[in-house]
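A.B. asks: What would the 3D arrangement of this be:
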Amino acid sequence: MTPIVWRSTQPGDEESLSLLGQATFLATFAFDHPGPALIRFLKELHSPEFYAAKLVNPDIDIIIGETPLGAPVAYAMLCPPEHPDYQREGDWELKRIYLLGPWQGGGNGAALLQHAIDIAHKRQARRLLLAVYENNDRAIGFYKKHGFTKIGDTIFMVDDVQFSDMLLARDMTM
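C.D. replies: Sure thing, here's the model as predicted:
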């Protein structure tokens with residue numbers, strides 16, 4: 001398997017993040033998300049403009065994984081949490097963590113998660129939160145294996161369609 005080269009993103013990476021976000025979200029969720037809502041969601045919340053705004057926000061960290069030739073294959077985005085009913089002081093959220101299918105397995109997901117955990121430590125996070133689709137059993141198992149536990153439920157909107165997510169947390173003092 002082609003190795004992954006990890007780095008922090010910078011302005012100019014918005015096209016790569018957009019394409020990668022659209023590809024991974026579509027590959028993961030097309031099986032049970034209505035097509036028109038999914039396409040509208042991808043155009044808005046995985047657009048180059050969306051990522052361009054994130055790349056210049058000092059409260060957001062994004063790590064990208066690329067092949068040695070520079071093709072994007074993975075990324076993770078950390079930000080302040082957006083779950084007021086569950087969050088505590090010192091929480092950070094792993095808002096997005098995506099890895100293209102051919103690079104899943106072989107420790108790449110664990111490496112990407114570790115990069116995210118390292119960023120959370122630098123941000124002095126006490127807990128790392130993440131929301132995961134309740135039907136994404138593979139991801140849920142992965143997160144539980146890496147110390148995340150369920151703390152609640154939340155709603156995730158894909159355009160005008162509502163989905164149920166589990167909210168997980170990992171104690172960063174581990």
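A.B. asks: per-residue confidence for Met1?
C.D. replies: Looking at Met1, its pLDDT stands at 68.
A.B. asks: quick one: Ile97 and Ala76 touch, right?
C.D. replies: Yes. Ile97 is within contact range of Ala76, at 4.4 Å (criterion: CB atoms under 8 Å). In short, each C-beta sits where N, CA and C put it, glycine included.
A.B. asks: Now list whatever residues contact both of these two.
C.D. replies: Leu112, Leu113, Ala116 (CB atoms under 8 Å, 6 or more residues apart in numbering).
A.B. asks: Format those residues as CSV; extra columns: distance to Gly101.
C.D. replies: Below are these laid out as CSV (distance: CB to CB, whole Å):
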residue, distance to Gly101
Leu112, 14
Leu113, 17
Ala116, 19
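A.B. asks: ok, now which ones touch the most centrally placed residue in the chain?
C.D. replies: Centroid-nearest residue in the chain: Arg96, 1.4 Å away (criterion: CA atoms, centre = their mean). Arg96 makes contact with Gly21, Tyr75, Ala76, Met77 under the criterion CB under 8 Å, 6+ apart.
A.B. asks: And stretch 129-144, what's buried?
C.D. replies: The neighbour-count check on stretch 129-144 (16 or more other CB atoms under 10 Å) flags Leu129, Leu130, Ala131, Val132, Tyr133, Ala139, Ile140, Phe142, Tyr143 as buried.
A.B. asks: Likewise for stretch 74-81?
C.D. replies: Ala74, Tyr75, Ala76, Met77, Leu78, Cys79, Pro81.
A.B. asks: and what of stretch 145-158?
C.D. replies: Neighbour counts using 16+ other CB under 10 Å place His146, Phe148, Ile151, Thr154, Val158 of stretch 145-158 among the buried residues.
A.B. asks: residue boundaries of the strands in this structure?
C.D. replies: Using DSSP state E, the strands found in the chain span residues 5-8, 61-66, 72-79, 91-99, 127-133, 149-158, 161-171.
A.B. asks: Okay, now the unreliable bits of the protein?
C.D. replies: Judged by pLDDT under 70, the chain has its weakly predicted residues at 1, 174.
A.B. asks: Tell me how many other residues crowd Gln87.
C.D. replies: 18 (other CB atoms under 10 Å).
A.B. asks: Ok, the one 10 residues further on next?
C.D. replies: For Ile97, the neighbour count with other CB under 10 Å is 22.
A.B. asks: Would you mind measuring from it to Ile63?
C.D. replies: Using CB to CB, to the nearest Å, we find Ile97 at a distance of 9 Å from Ile63.
A.B. asks: which residues do the two both contact?
C.D. replies: In contact with both Ile97 and Ile63: Tyr75, Ala76, Leu112, Ala116, using CB under 8 Å, 6+ apart.
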